[in-house]
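Chemist: quick check, what structure comes out for this input:
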Amino acid sequence: MARKLFCELGPWAYKISVIKEGIRKDIKDIIKRNKLAKKKIKEDYEYILKGEMKLLLRKLEGVDMRLQVNKITNLKLAADKINGIIIMPGETFSFWKLVGKPTKKKGYLKGLVIKNSTSFGEDYGGGLCQLANLIHYLVLHTPLEVTELHHHSDALFPDYKRRVPFGTGTSISYKSVDYRFKNTLDYPIELKIWLDDTMLYGEIRADKELDVKYKLVEEDHHYALENGKYFRNSEIYRICIDKRTKEEINKELILKNHSRVMYDYSLIPEDEIRK
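Modeler: Next comes the predicted model:
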């Protein structure tokens, strides 16, 4: 029998491990002298480098809709901490450094959380992954450098009104599992985040336009049976296009999905199963 990790000894050990990893991250920031963005402005920069919107309420198989509704409150609280943040050249955006710990005392409600990428639960601040996913999607359409990203390893839900390639999201958990990106441009950028009754919106703005644009494409998408279990497979590419000539400059593979399907196999579209 394999020896258990300390974090697997029980809930108390897991909590200690999480705190330890958070402290380790803070020390690493100090040692590396990471400049984390914290300045906000009231006026918007002129040019939208990328904008996107996400549906707030999705039909998730086996998930209490109450957790989805609570998520909206959580998103509003976190969005207010991020909206208008300026990331100067060389600075790094840190999701948790800006949002802080989502607690009941701060007004956060219990929402859906994913544990170890394989099971579901509920906790205060649950649902904030949707905000991190939106920000990551915006960043993927710019030259900004992603410096910390944690993919969900499994396919947890069937598609419902999906508008972006599968697997382009990110997992977050206060505060050891963060989402970060660095401004590698030679001018500042602004991140705008807001909500209405049905949608979550985001924009990356600047006082200069980009000479290129980006798009994400998913190729070779299919499901395959391996040792009695289904896996969802695909390749995600990011294509860079010259705005002036409309020519493709670069095509890079950014993700190769091989995700175990965790939901009812009867919900897998038959025409997408590779025999």
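Chemist: can you classify Ile27 by secondary structure?
Modeler: helix (DSSP: H, G, I helix; E, B strand; the rest coil).
Chemist: if you could redo that for Val69, that was the one I meant.
Modeler: Relying on three-state DSSP, one would call Val69 helix.
Chemist: quick check, Asn133 in a strand?
Modeler: No. Secondary structure of Asn133 (three-state DSSP): helix, not part of a strand.
Chemist: tell me where the stretch 101-250 of the chain has helices.
Modeler: 129-139 (DSSP state H, counting those that start in this stretch).
Chemist: any regions of it where pLDDT drops low?
Modeler: Scanning the stretch 101-250 of the chain for pLDDT under 70 picks out the ranges 115-119, 153, 159-164.
Chemist: in stretch 25-34, what's buried?
Modeler: Neighbour counts over stretch 25-34 (16 or more other CB atoms under 10 Å) mark 25, 34 as buried. In short, each C-beta sits where N, CA and C put it, glycine included.
Chemist: mean confidence for it?
Modeler: Summarised as a single mean, pLDDT over stretch 25-34 is 79.
Chemist: what of stretch 76-92?
Modeler: 97.
Chemist: buried residues in that stretch?
Modeler: Buried residues in stretch 76-92 (16+ other CB under 10 Å): 77-79, 82-87, 91-92.
Chemist: just stretch 180-199 next, same as before
Modeler: 180-183, 185, 188-195.
Chemist: and which of these is nearest to Lys71?
Modeler: Nearest to Lys71 among these is Leu195, at 10.7 Å by CB to CB.
Chemist: wouldn't that closest one be in contact with Leu75 here?
Modeler: Yes. When contacts are counted by CB atoms under 8 Å, Leu195 is listed as touching Leu75 (6.0 Å).
Chemist: of the buried residues of stretch 76-92, which belong to helices?
Modeler: 77-79, 82 (DSSP state H).
Chemist: quick one: which two of those residues are the most distant?
Modeler: Checking those with CB to CB, the most distant pair is Leu77 and Ile82, at 10.4 Å.
Chemist: what would the buried residues of stretch 76-92 look like in CSV with distance to Lys101?
Modeler: Below are the buried residues of stretch 76-92 laid out as CSV (distance: CB to CB, whole Å):
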residue, distance to Lys101
Leu77, 12
Ala78, 11
Ala79, 16
Ile82, 15
Asn83, 19
Gly84, 21
Ile85, 18
Ile86, 23
Ile87, 22
Glu91, 22
Thr92, 19
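Chemist: fine by me, we can end here.
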